[in-house]
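[1] Next one to model:
(2 chains, ligands or ions: 1)
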Amino acid sequence: MQEILSFEGHLLEIEKEIERADNPDSLKALKRRLSLEKKNFSENLSPYQKVLLARHPKRPHLSDYIEGLFSNFIELSGDRLFADDQAIIGGCGIIGKKKVMVIGQEKGRSTQEKIKRNFGMAHPEGYRKARRLMELSARFGIPVLTFIDTSGAYPGIGAEERGQSLAIAESICASFNLAVPIISTIIGEGGSGGALAIGVCDRLLMLEYSIYSVASPEACAAILWRDQSKTEEASCNLHLTASDLSRLGIADQIIKEPIGGAHWDYDKITRELKSVLLSNLKELIGMDKGKLLEKRREKFRKIGVFEEGIKVW
Amino acid sequence: MNWFRRPKYTTLTPLSQKREKLPQGGIWIKCEECNELIYKKEWLKLLKVCPKCGFHFQISPEERIKIIFDKGSWKESFSEIKPVDSLGFKDIKGYRERLTEYQKKVGSLDAITCGKGKIRGITVASCLLDFSFMGGSMGSVMGEKIALTAEMAQAERIPLLIFSASGGARMQEGIVSLLQMAKTVSAINLLKKEGGFYLSVLCNPTTGGVAASFAFLGDIVIAEPKALIGFAGPRVIEQTIKEKLPPGFQRAEFLSEHGMVDMVVKRKELKEKIFYLVRFFTVSQ
Ligand SMILES: [Zn+2]
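    I've put the predicted structure just below:
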């Protein structure tokens, strides 16, 4: 993937001009032009362009957020069964003054890192690690924050041999029994079952240019259209952007990104994310445990669109 | 819960009046697994199992009901829940149009039939997925009906028996179809916590979102011989790892070897096995 997306090229051109500018007047004019162009850019993004932004090579990943969000973060590893899956990072830390368990996918940035992280595509051991840490956290009354950024669970031989389906199902199931608040944030790509495995929550937050989808638009185009070139069309049809998900009542809150996307200002998006996480935590902490579980169950129980008649039993 | 909202009645012919037609045409058919020609009468007598290689052909919910439940004991539930095209999804064809086509062709509203029936006198709640309806894909209707049936089993304190056959989530319903995984898992979770017994039978094929949700969460998991079972489809795996998959990969016997299912049971022995297990776990001595 290219470092710069074609549709944001002009923004970078202006940035370069700003660096080269030698008099204050032209600098001021250029800066004004940049902010105007960025605004224009943000307002006219197509769903497919948002897909590309969600996967932007410079987009902040979980590793980038951890330092800014948490103090005293300590990574916890392993599923105690087979391996430590580095596609999922787990660990405990403190946000504001609150203890939390942190679980999320990491895609990796350098080639080496990407291989180590398997591009953020977890094997069963990743989901089993997630489940272990969620259950550990719940035993001590510590809220869970999950961060979703994956194209999906890994489709491979070992993953199937070790029960990828079961690992995902069990992680989902365990989430419904955790008597502590769970807040999930989609920071980049929320791809199918591999995302949902750590996506059962009391609050679903989405960064403005993150996506959440039943299948990648590429897979959708290949399967339904049998034509890879229909990816853009599939992106529209799937209704996968944060604003779509908010309209559908699935996302509870959208976190505004810096104009042009999160990759333009890591500090700003981290601050924004932190304040939203803290305000949501504040609302959830102290809620009656039984009520919390009941509301979480209800949240998912009512998702579905169909026509119905009378109940027959 | 607002089950009573927006009442609507369908005008489709009830299931029992449709799909009675036996396969027509020649007296020989070709096995899709071993490619051998098999005598159709024999194949039908064997409940659509190949006499040469033992491959279990897909069967409809109605055919399975006949095999599993005591004669005349089946009562369908939630039959009026109907899919809608909430996103206005259109690929080569519109989703609405596609639904109508399948409803006409298959004779049911969606890819699932639910109800109650007796297995040698024991009443169980059951869901049967239908692969012939859009690949048994799970959308809102399947999610709701699985949840309702699990709740019915819980309320009436009867065992739950699900026969899965699905390629995964129904993409035409977008994110809502993905979230049916969580909805169904939650319903199964509640049933099990309340002491309910859930037996899951994985038929050919059980993959994707159905495999990664309710299908694998059975207290007991049975697979039909040679059924394709897994998370990712074999084609996707081959494209990812750029290798050919070993023979038998993701088949029921492979899963059994890897400890992922309790047993592989032939169709003609399925009713007896289910009866034994349901009685063992739910009927006091
Ligand atoms: Zn055969």
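[2] Which of the helices or strands spans the residue of chain A found nearest the ion?
    For chain A, the residue closest to the ion is A:Glu160, as judged by C-beta to the ion, at 24.0 Å. Any C-beta I mention is one placed from the backbone N, CA and C, and that applies to glycine too. Applying DSSP states H and E as the criterion places A:Glu160 in helix A:157-161.
[3] do the next helix or strand along the chain from that helix and chain B meet?
    Going down the chain from helix A:157-161, the next helix or strand is helix A:164-175, by DSSP H and E. Yes - Helix A:164-175 lies within reach of chain B by C-beta under 8 Å from any C-beta of the partner chain, at A:164-166, A:168-170, A:172-173.
[4] which of those has the most neighbours?
    A:Ile168 (32 neighbours; other C-beta atoms under 10 Å in any protein chain shown).
[5] Now do the same for that residue: its pLDDT.
    With respect to pLDDT, A:Ile168 scores 98.
[6] And for A:Arg20?
    Confidence score, pLDDT, at A:Arg20: 89.
[7] For it, give its distance to A:Leu27.
    10 Å (C-beta to C-beta, to the nearest Å).
[8] Could you check which of the two has the larger neighbour count?
    A side-by-side neighbour count of A:Arg20 and A:Leu27, using other C-beta under 10 Å, places A:Leu27 first with 15 against 10.
[9] Test my guess that A:Tyr65 contacts A:Glu272.
    No - assessed by C-beta atoms under 8 Å, A:Tyr65 is found out of contact with A:Glu272, at 11.0 Å.
[10] more neighbours, the two?
    Comparing A:Tyr65 with A:Glu272 by other C-beta under 10 Å, the one with more neighbours is A:Tyr65, at 23 against 18.
[11] quick one: that one and B:Ala227, what's the gap?
    42 Å.
[12] B:Glu272 now?
    19 Å.
[13] what's near enough to touch A:Gly68?
    A:Gly68 sits next to A:266-267, A:270-271, A:274 when contact means C-beta atoms under 8 Å, 6 or more residues apart in numbering or on different chains.
[14] Longest helix of chain B, counting residues only.
    Ordering each helix of chain B by length in residues (DSSP state H) puts helix B:175-193 first.
[15] Taking helix A:164-175 as reference, get the angle to that helix.
    Between the axis of helix B:175-193 and that of helix A:164-175 there is an angle of 70 degrees, by axes from the mean of the first three to the mean of the last three C-alpha atoms, to 10 degrees.
[16] my read: B:Trp28 touches B:Glu42, true?
    No - proximity of B:Trp28 to B:Glu42 does not meet the contact threshold set by C-beta under 8 Å, at 10.2 Å.
[17] returning to that earlier point: just the buried ones among the contacts of A:Gly68, please.
    A:266, A:270, A:274 (16 or more other C-beta atoms under 10 Å in any protein chain shown).
[18] Looking at these, which are in strands?
    With strands defined by DSSP state E, no entry of these lies inside them.
[19] I'd like the residues you listed written out as a markdown table, with distance to A:Ala234 and pLDDT added.
    Output for those, formatted as a markdown table (distance: C-beta to C-beta, whole Å; pLDDT from 0 to 100):
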| residue | distance to A:Ala234 | pLDDT |
| --- | --- | --- |
| A:Tyr266 | 30 | 97 |
| A:Thr270 | 32 | 98 |
| A:Lys274 | 34 | 98 |
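[20] if I pick whatever residue of the stretch 51-200 of chain A ends up closest to chain B, what's in contact with it?
    The nearest approach of the stretch 51-200 of chain A to chain B comes at A:Pro155, 3.2 Å away (C-beta to the nearest C-beta). Residues near A:Pro155 by C-beta under 8 Å, 6+ apart: B:231-233, B:236-237, B:240.
[21] Domain map for chain B?
    By the assignment in automatic domain parsing, chain B contains the domains B:24-55, B:58-283.
[22] and of those, who's closest to chain A?
    Here domain B:58-283 is closest among the domains of chain B (C-beta to the nearest C-beta), at 3.2 Å.
[23] Would you mind putting the residues of helix A:164-175 next to chain B into a markdown table with distance to B:Gln250 alongside?
    Compiled in a markdown table, these are given as follows (distance: C-beta to C-beta, whole Å):
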| residue | distance to B:Gln250 |
| --- | --- |
| A:Gln164 | 11 |
| A:Ser165 | 10 |
| A:Leu166 | 13 |
| A:Ile168 | 16 |
| A:Ala169 | 16 |
| A:Glu170 | 19 |
| A:Ile172 | 21 |
| A:Cys173 | 22 |
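[24] shaky segments in chain B?
    B:1-25 (pLDDT under 70).
[25] Residue numbers of it in contact with the ion?
    Contact residues (C-beta under 5 Å from the ion) of chain B with the ion: B:31, B:33-34, B:50, B:52-53, B:55.
[26] In chain A, mark out all the helices, start to finish.
    Under DSSP H, chain A gives helices at A:9-20, A:24-43, A:47-54, A:62-69, A:111-116, A:124-139, A:157-161, A:164-175, A:192-196, A:217-220, A:231-238, A:242-247, A:266-284, A:289-301.
[27] Out of the ones you listed, indicate the one that is most buried.
    Burial of the helices of chain A is given as mean neighbour count (mean count of other C-beta atoms under 10 Å in any protein chain shown); helix A:192-196 ranks first at a mean of 28.
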